[in-house]
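In: I would like to see how this sequence folds:
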Amino acid sequence: MTPLEFGLFVQGYVPQARSKVDPEAEHKALLEETEYVIQADQSGFKYAWASEHHFLEEYSHLSANEVFLGYLAAATERIHLGSGIFNPLAPVNHPVKVAEKVTMLDHLSKGRFEFGTGRGAGSHEILGFMPGITDMNHTKEIWEETIAEFPKMFLQEEYEGFQGKHWSLPPRKVFPKPYGKAHPAMWYAAGSPSSYAMAAKKGLGVLGFSVQKVSDMEWVLDQYKTAIREAKAIGAFVNDNVMVTSTAICAETHEKAVEIAVNANMNRFQSLVFRYHDTFPRPEAIPQWPETLPEYNAEIIELLIAEELLICGDPSEVRAQCKRWEQAGADQLSFGLPTGVSKEDTLTTIKLIGEHVIPHIDTDPVHRTTRFRQSA
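Out: Here you go, the predicted structure:
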């Protein structure tokens, strides 16, 4: 079993509580997240993922993530920088423009870019670009039509062109070409078991933003690892990779970590998830927006830790919690940053994980995706 790798996930969260008292809240939130990625690079994290969302007030103000990642390409040295996601649907971003962004970032990062795609975050986002559609599954048809064209754009000297239902392009030379061998590793943001299997059959890694607890890994891995054995890769290589996300808070003591979690307003963020991701089934415990979950107290935080829904504690506890994900078979664990935590406490979490957790779990100096790309 290869060691579990570690990443960071940022999305430009600008909570109402912050923006009400600070007119520069949005500006500060975006720049702070660049600092978190830079610190993660220095602390031995292997990956940083930046979202692409549109129109999702509070939840995510990180819309032009290619600009954000371009800045970080110059500000970091070793960490791989990933689109979590680039939306390649033609009504949102023309596929050729997406391909050009991917290879430009591949050059600027000197081969450290990871190409994640997906279909958007529910009706509020999707209907902004495709008004009038009544079935959100329509986006799947557009994505399916498009995804296999990217390796051709990357690798063919002159792209052969495309005539599809949703977009078309005559034969053209698409520049720049990827930096070095093959092309960046390709990933798909999957939610349902069938999506994991579909991604695997195409040779794509999975960005498992929907995996909430360790026990979810069983069906995820069963669907994915079975299908990946028979993958017909659309790209130059199979990216056999399942990334999962979890919120993480690490402090010098358990009590301090719980105190930070209690004050993080995670209840509002969790409510926003189901406000905007309305294609997800909403659990009965989640109230209909604008009503939110009640504020979390220490007892609820301890329950979330016990149920493996939150990574939280002192360094030894966090290390044990991360080991559970490794034992369950995850290839990569990326930490979504707690939403109401101070800059100082967030940087402390990153530093402590880098010092006390990662060296005990990820002993491979080479990124898993680098090995796949070099073997193409």
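In: which residue ranges form the strands in the stretch 201-350 of the chain?
Out: Chain-ordered strands for the stretch 201-350 of the chain, with DSSP state E, counting those that start in this stretch as the definition, fall at 205-208, 242-250, 311-313, 332-336.
In: now the ones you listed as CSV including mean neighbour count and mean pLDDT?
Out: C-betas here are computed from N, CA, C, even on glycine. Shown next, in CSV, are the strands of the stretch 201-350 of the chain (neighbours: other C-beta atoms under 10 Å; pLDDT from 0 to 100):
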stretch, mean neighbour count, mean pLDDT
strand 205-208, 29, 96
strand 242-250, 25, 96
strand 311-313, 25, 98
strand 332-336, 24, 97
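In: wait, which of those strands is closest to Ala74?
Out: Ranking the strands of the stretch 201-350 of the chain by proximity to Ala74 (C-beta to C-beta) places strand 332-336 first, at 22.1 Å.
In: Return the distance of that closest one from the chain's centre.
Out: What separates the centre of strand 332-336 from the centre of its chain is 8 Å, taken as C-alpha atoms, centre = their mean, to the nearest Å.
In: The helix ranked longest in the chain packs against which elements?
Out: Criterion DSSP state H: the longest helix present in the chain is helix 25-42. Applying 3 or more C-beta pairs under 8 Å, 6 or more residues apart in numbering; DSSP states H and E, we find helix 25-42 packed against strand 5-10, helix 16-19, strand 47-50, helix 65-75, helix 343-356.
In: The fourth one: which residues count as buried?
Out: Judged by neighbour count using 16 or more other C-beta atoms under 10 Å, the buried positions of helix 65-75 are 65-66, 68-70, 72-73.
In: which residue is nearest the centroid of the chain?
Out: Gly84 (4.0 Å; C-alpha atoms, centre = their mean).
In: what about stretch 104-123, average pLDDT?
Out: Across stretch 104-123, pLDDT averages out at 96.
In: Figure out which of the strands of the stretch 201-350 of the chain is closest to Val366.
Out: So among the strands of the stretch 201-350 of the chain, strand 332-336 is nearest, using C-beta to C-beta, at 13.7 Å.
In: so what strands line up beside the closest one?
Out: Sheet pairing of strand 332-336 (DSSP bridges) gives strand 5-10 (parallel), strand 242-250 (parallel).
In: re the thing from before, which one of the helices and strands packed on helix 25-42 lies closest to Gly120?
Out: Comparing the helices and strands packed on helix 25-42 by C-beta to C-beta, helix 65-75 comes nearest, at 13.5 Å.
In: got the contact list for that closest one?
Out: Contacts to helix 65-75, defined as C-beta atoms under 8 Å, 6 or more residues apart in numbering, come from residues 30, 33-34, 37-38, 48, 50-52, 62, 81, 83-84, 86, 101, 104-105, 108-109, 112-113.
In: before we move on, back to that, would you mind giving the strands of the stretch 201-350 of the chain as CSV with distance to Pro359 added?
Out: Output for the strands of the stretch 201-350 of the chain, formatted as CSV (distance: least, C-beta to C-beta, whole Å):
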stretch, distance to Pro359
strand 205-208, 24
strand 242-250, 14
strand 311-313, 17
strand 332-336, 15
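In: of all the ones you listed, which lies closest to Thr279?
Out: For the strands of the stretch 201-350 of the chain, proximity to Thr279 was assessed by C-beta to C-beta; strand 205-208 is nearest, at 16.0 Å.
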